[in-house]
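Enquirer: quick check, what structure comes out for this input:
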Amino acid sequence: MNASSVGIDSGETVLFSDFQDGGEMWTGKGQRERRNHITFSAPYRDIPTVHASLALWDVDNATVMRADLRSENVTKEGFELVFRTWGDTRIARVRASWMAIGPLPQQDDWEL
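Expert: Numbering: from 1, shown residues only. This is a model prediction of the structure:
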């Protein structure tokens, strides 16, 4: 792989806004999870490395703030952005940013 074959894709997505409609991240307790499928703008040649981070985290300050954000099930075409919380944490809304870096297919690529 050379430097001209490396691709970078990025984006931002609202994972949920449960405060508005009384969703489980705001009203629930215990283990909760939200998954969002992200599709890359173009497929990679091999599975890329994906980094995810919180861009917005709107939480209730009366409870302990617990969160786990991960990129899971990464393929050449996309991945799942997964947010988890537990206990009595009340989360109104979350927006996450992500960036994928990996090799892009080239015109002269071929397989045996």
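Enquirer: ok, residue 63 - contacts?
Expert: Taking C-beta atoms under 8 Å, 6 or more residues apart in numbering as the criterion, residue 63 is in contact with 87-90. For glycine as for every other residue, the C-beta is placed from the backbone atoms N, C-alpha and C.
Enquirer: how does it look with 10 Å?
Expert: Applying C-beta atoms under 10 Å, 6 or more residues apart in numbering, one finds that residue 63 lies in contact with 29, 85, 87-91.
Enquirer: chain neighbours aside, what residue packs nearest to it?
Expert: Among residues not flanking residue 63 along the chain, residue 88 sits closest, at 4.7 Å (C-beta to C-beta, 6 or more residues apart in numbering).
Enquirer: state the pLDDT value of the one you found.
Expert: Residue 88 is assigned 95 on the pLDDT scale.
Enquirer: with residue 20 instead?
Expert: On pLDDT, residue 20 comes in at 85.
Enquirer: doesn't it fall inside a helix?
Expert: Yes. Assessed with DSSP: H, G, I helix; E, B strand; the rest coil, residue 20 lies in a helix.
Enquirer: returning to what we had before: just the buried members of the contacts of residue 63?
Expert: Taking 16 or more other C-beta atoms under 10 Å as the criterion, what is buried in the contacts of residue 63 is 85, 89-91.
Enquirer: any chance of CSV for the residues you listed, columns distance to residue 43 and secondary structure?
Expert: CSV is the format used below for those (distance: C-beta to C-beta, whole Å; DSSP: H, G, I helix; E, B strand; the rest coil):
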residue, distance to residue 43, secondary structure
85, 32, strand
89, 36, coil
90, 38, coil
91, 33, strand
